[in-house]
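K.L.:
following is a predicted model, sequence given first.
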Amino acid sequence: MVSKLKRDQIPTEKATNWKNNFNEESKHTFNLDLPKIILQKETYKTLIGDNENRVRIYFGLETDKKDGKYQLCAFAVSAFLLGSGDVYADYETPVYKLEEVNIDVSDKVKTVIESIRLYRQWRSGELDEDHSGAQYRQYIYPNAFLLTKFELHELFNVQNSKEIKFELGIAKTMTAMVSPYKSPTSDVMLKSATTGEDEEEQGPFDFIEPCPPNCDERSVFNPS
């Protein structure tokens, strides 16, 4: 029997699937060297401080290429709850570069920002616009991740890990889109009587929430 998952924990099979998805996607859009991204316990304790702040991890790129490829890097900062909403703001310091041994780069904030800016140029497709997958990266790869308190507390404090690894995965879930349908007999396919031009093409919409997780558990149409 599978043991009950802890808060924010995912099944091993799901994690494996996410890793496999990332490896498959990397053949098309992810042309960076991926290093080990490690968060050490002492770094974690410094970042959360006495107020138990959250940790945000930003992606950046090394300025120098290795074998013709840019190298991904990651920086961790402390994030605090701003007001009574659900908005978390970053402290400007401390900042740590997440290598096998974490490096305090709090005195190099401008360099960190340039590294992050370089990654975002890659993400937007500006850095290597001739790459076949460049235009799709902005829809796949995020700028940063805001970690919750629970998984880090579990790993560092309950399991007493001295360091944890930060891995990348891609969750593939089928979504749905709706857009105008132009049948061969539809009036919208006819040329405009005044301009002689086709009606303006309308893009698809995606206001659709999949089930699960957005289900009516009580519905007769949602049987177990």
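P.N.:
Good, I have the coordinates.
K.L.:
look up the closest residue to residue 106, ignoring the ones flanking it.
P.N.:
residue 93 (4.2 Å; Cβ to Cβ, 6 or more residues apart in numbering). (Each C-beta comes from the backbone N, C-alpha and C, glycine too.)
K.L.:
what helix or strand is the one you found located in?
P.N.:
Element membership of residue 93 [criterion: DSSP states H and E] is strand 88-97.
K.L.:
what helices or strands is the following helix or strand past that strand leaning on?
P.N.:
Going down the chain from strand 88-97, the next helix or strand is strand 103-104, by DSSP H and E. Contacts defined by 3 or more Cβ pairs under 8 Å, 6 or more residues apart in numbering; DSSP states H and E place strand 103-104 against strand 88-97.
K.L.:
and the helices in the chain?
P.N.:
12-25, 41-48, 109-124, 149-152 (DSSP state H).
K.L.:
okay, buried residues for the first one please.
P.N.:
What that stands for is helix 12-25. 17, 18, 22, 25 (16 or more other Cβ atoms under 10 Å).
K.L.:
tell me how far that helix is from the chain's mean position?
P.N.:
In terms of Cα atoms, centre = their mean, to the nearest Å, the gap separating the centre of helix 12-25 from the centre of its chain is 14 Å.
K.L.:
same thing with the longest one?
P.N.:
Average the C-alpha atoms of helix 109-124, do the same for its chain, and the two points are 16 Å apart (Cα atoms, centre = their mean).
K.L.:
run the angle between it and strand 88-97 for me.
P.N.:
Comparing the axes of helix 109-124 and strand 88-97 via axes from the mean of the first three to the mean of the last three Cα atoms, to 10 degrees yields an angle of 100 degrees.
K.L.:
just the mean pLDDT for helix 109-124, thanks.
P.N.:
For helix 109-124, mean pLDDT rounds to 94.
K.L.:
where are the low-confidence patches of this protein?
P.N.:
Within the chain, the ranges that satisfy pLDDT under 70 run 1-2, 186-201, 220-221, 223-224.
K.L.:
any idea how far residue 119 is from the most centrally placed residue in it?
P.N.:
With distances taken as Cα atoms, centre = their mean, the residue of the chain nearest its centroid is residue 142 (3.6 Å). Noted for residue 142: a distance of 11 Å to residue 119, by Cβ to Cβ, to the nearest Å.
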